[in-house]
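Enquirer: Build the 3D model from these lines:
(one chain, ligands or ions: 1)
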Amino acid sequence: MRPLTRILPPLLCSAVLIAQTPPPADAPMAAQVRAEALHAWQGYRAHAWGHDELRPLSLQPRDWYGKSLLMTPVDALDTLILMGLKDEAEDARKLIDAKLDFDQDLRVKGFEINIRLLGGLLSGYQLTGDPKLLALAKDLGDRLLPAFDTPTGMPYQFVNLKTHKADGAVSNPAEIGTYLLEFGVLSRLTKNPVYYAKAKAASTALFERRSKLGLVGSEINVETGAWTDRSSHISGGIDSYYEYLLKASILFDDADCARMWKESLAALNAHVADEAPTGLWYATVDMDTGKRTATEFGSLDAFFPATLALAGDLDRAAKLQASTFKMWTAFGIEPEEIDYTTMKPLDTHYMLRPEAIESAYYLHTLTGDPKYLAMGRTYFASLKARCRTKAAYAALKDVTTGAQLDDMESFFFAETLKYLYLLFAPPQTLDFPKGFVFNTEAHPFRRSW
Ligand code: DMJ
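Expert: Predicted coordinates for the structure are as follows:
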């Protein structure tokens with residue numbers, strides 16, 4: 001049995017209504033999610049084993065950079081473990097041990113490689129104790145470090161894993177500020193402070209360039225430190241910069257990150273939040289004036305109820321989650337982006353994204369309210385009805401027509417299936433939030449060392 005009182009991160013949670021009993025599980029639903037994860041994994045296993053991803057319609061493998069970095073096995077490993085898919089997890093771990101090699105002449109995107117591969121290797125190491133996974137993580141961390149060699153300390157977007165040449169000076173807050181957790185865990189596990197020091201310097205340099213309103217823009221030059229796009233929002237390109245300030249404050253008990261998070265959150269709620277007739281949303285505004293420039297909201301933005309809930313603002317989290325659920329049910333599954341004033345889609349893709357499900361999982365865990373289980377059943381039914389293919393699961397090109405896309409991103413295993421499973425699984429499956437913090441790719445990092 002879980003302890004009766006849920007212990008939340010001590011940080012910002014004074015106003016939290018703590019669920020007094022562990023939220024109930026739904027074992028039959030958990031079993032169904034597990035069976036669907038197995039279906040998708042077997043598709044990958046049969047048609048794309050050893051490659052980054054499976055193309056679920058043509059049944060061809062896809063490698064992001066021409067050569068495989070085992071994106072799907074690394075991203076899926078901890079999900080397979082948590083689901084108790086022991087043979088599949090062992091196969092994935094052995095493949096990673098035998099084949100993953102970062103000594104390759106590949107120009108990679110630091111952000112994606114960090115959250116998926118470094119994150120997956122570190123959580124895989126923490127869950128299995130396999131020292132090879134930590135050695136791979138250290139090797140990868142060392143190869144990502146040269147990206148931080150800039151006049152501002154904010155990293156370039158790209159780095160070559162072999163030559164260490166870095167490029168891509170015009171970056172964004174998410175790609176600059178989403179290293180804190182992985183680099184911090186790597187520092188703790190290797191007892192080498194350099195990784196966290198670099199990541200924290202980057203996030204701090206970004207924070208210091210906030211506007212007078214306390215907001216950041218969408219694009220910044222990491223060589224000059226000048227903003228090249230001053231529009232501010234919580235969506236893709238900025239999202240996980242905020243998420244990591246909060247999570248680093250919890251995972252590393254970092255008071256600087258806590259201060260930066262609190263100040264950022266106050267600015268977001270004062271200038272970006274929009275109480276519209278259709279519900280609570282977060283808009284796009286000018287970072288200097290706060291003037292609203294767009295009323296777009298999308299599937300990526302749906303991470304924010306989880307972040308608000310973790311920070312202790314359950315009321316606002318619940319309100320925003322109600323809005324994102326409206327966005328999901330209006331189309332039978334959520335589109336990539338809508339105009340929330342008209343509820344009309346602006347981008348009709350659904351990329352198998354996890355954020356709405358992630359937020360339902362956090363809210364269910366933190367409140368025990370069964371309405372989030374009901375939401376989860378809707379999410380699962382939509383996914384199965386719209387995205388399931390003979391061999392796996394496919395993204396959607398158009399949520400209004402149901403046309404599928406030949407694409408199954410590795411985050412479908414790392415995040416979408418994991419959060420859906422954890423939502424229904426018994427709470428003892430993962431001691432969250434007391435024992436773990438998730439990185440932005442849903443890799444759970446232990447809160448003890
Ligand atoms: C994931 O790679 C991560 O969650 C990232 O923070 C945002 N995009 C995808 C999932 O939608």
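Enquirer: So which bits of the stretch 151-300 of the chain are right by the ligand?
Expert: 240, 300 (C-beta under 6 Å from any ligand atom). Backbone N, C-alpha and C define where each C-beta goes, glycine included.
Enquirer: got the residue ranges for the helices in the stretch 151-300 of the chain?
Expert: Assigned helices in the stretch 151-300 of the chain, in chain order: 173-177, 180-190, 194-208, 239-251, 255-271 (criterion: DSSP state H, counting those that start in this stretch).
Enquirer: So which of those is the most surrounded?
Expert: helix 173-177 (a mean of 27; mean count of other C-beta atoms under 10 Å).
Enquirer: Format the CA atom coordinates belonging to it as PDB.
Expert: The C-alpha coordinates for helix 173-177 follow below in PDB (Å, rounded to 0.1, in the frame of the first residue of the first chain):
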ATOM      1  CA  PRO A 173      14.400  28.800 -25.100                       C
ATOM      2  CA  ALA A 174      13.300  25.100 -25.200                       C
ATOM      3  CA  GLU A 175      16.500  24.100 -27.000                       C
ATOM      4  CA  ILE A 176      18.600  26.200 -24.700                       C
ATOM      5  CA  GLY A 177      16.900  25.400 -21.300                       C
END
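Enquirer: what sits up against that helix?
Expert: Residues outside helix 173-177 that contact it (C-beta atoms under 8 Å, 6 or more residues apart in numbering): 109-111, 154-155, 157, 202-203, 205-206, 216-218, 220, 222, 236-241, 244-245.
Enquirer: what do you get for stretch 26-46?
Expert: Here stretch 26-46 makes contact (C-beta under 8 Å, 6+ apart) with 53-54, 56, 59, 72, 76, 79-80, 83-85, 88, 91, 373, 376-377, 380, 383-384, 388-389, 391-393, 408, 412-413, 417, 420-421, 424-426.
Enquirer: And the average pLDDT for it is what?
Expert: In this model, stretch 26-46 has an average pLDDT of 98.
Enquirer: Correct me if wrong, but Ser359 is in a helix.
Expert: Yes: counting by DSSP: H, G, I helix; E, B strand; the rest coil, Ser359 is part of a helix.
Enquirer: From Leu246, how far off is it?
Expert: 14 Å (C-beta to C-beta, to the nearest Å).
Enquirer: Single out the residue in the stretch 151-300 of the chain that lies closest to the ligand.
Expert: Proximity of the stretch 151-300 of the chain to the ligand (C-beta to the nearest ligand atom) peaks at Ser240, 4.5 Å away.
Enquirer: Output the below-cut-off pLDDT ranges for this structure.
Expert: 1-21 (pLDDT under 70).
Enquirer: Return the nearest residue of the stretch 1-150 of the chain with respect to the ligand.
Expert: Closest point on the stretch 1-150 of the chain to the ligand, by C-beta to the nearest ligand atom, is Ile115, at 5.9 Å.
Enquirer: what's the nearest residue to that residue if we skip its chain neighbours?
Expert: Once flanking residues are discounted, Ile115 sits nearest to Glu441: 4.3 Å by C-beta to C-beta, 6 or more residues apart in numbering.
Enquirer: I'd guessed the residue of the stretch 151-300 of the chain closest to the ligand sits against Tyr179; true?
Expert: No: using C-beta atoms under 8 Å, Ser240 makes no contact with Tyr179, being 9.9 Å away.
Enquirer: Is the residue of the stretch 1-150 of the chain closest to the ligand located within a helix, as I assumed?
Expert: Yes: secondary structure assignment places Ile115 in a helix (three-state DSSP).
Enquirer: Isn't it up against Ala442?
Expert: No: assessed by C-beta under 8 Å, Ile115 is found out of contact with Ala442, at 9.5 Å.
Enquirer: partner residues bridging the residue nearest to Thr293 when sequence neighbours are not counted?
Expert: Leaving aside its chain neighbours, Thr293 sits nearest to Thr284 (5.2 Å; criterion: C-beta to C-beta, 6+ apart). According to DSSP bridges, the partner residues bridging Thr284 are Ala294.
Enquirer: which residues sit in contact with Thr284?
Expert: So Thr284 contacts 231-233, 235, 272, 292-296 (C-beta under 8 Å, 6+ apart).
Enquirer: could you redo the last one with a cut-off of 6 Å?
Expert: 231, 233, 293-294 (C-beta atoms under 6 Å, 6 or more residues apart in numbering).
Enquirer: what's the answer for Thr400, then?
Expert: Thr400 neighbours (C-beta under 6 Å, 6+ apart): Thr348.
Enquirer: For it, what is the enclosing helix or strand?
Expert: Element membership of Thr400, judged by DSSP states H and E, is empty: it is in no helix or strand.
Enquirer: Do you have the strands of the stretch 51-200 of the chain handy? List them.
Expert: Applying DSSP state E, counting those that start in this stretch to the stretch 51-200 of the chain gives strands spanning 53-55, 60-62, 107-109, 158-160, 166-167, 170-171.
Enquirer: and those strands as JSON lines, adding mean neighbour count?
Expert: What follows is the strands of the stretch 51-200 of the chain, written out as JSON lines (neighbours: other C-beta atoms under 10 Å):
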{"stretch": "strand 53-55", "mean neighbour count": "24"}
{"stretch": "strand 60-62", "mean neighbour count": "16"}
{"stretch": "strand 107-109", "mean neighbour count": "18"}
{"stretch": "strand 158-160", "mean neighbour count": "21"}
{"stretch": "strand 166-167", "mean neighbour count": "16"}
{"stretch": "strand 170-171", "mean neighbour count": "21"}
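Enquirer: can the ones you listed go into CSV with extra columns for distance to Lys326?
Expert: Shown next, in CSV, are these (distance: least, C-beta to C-beta, whole Å):
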stretch, distance to Lys326
strand 53-55, 31
strand 60-62, 33
strand 107-109, 33
strand 158-160, 38
strand 166-167, 42
strand 170-171, 33
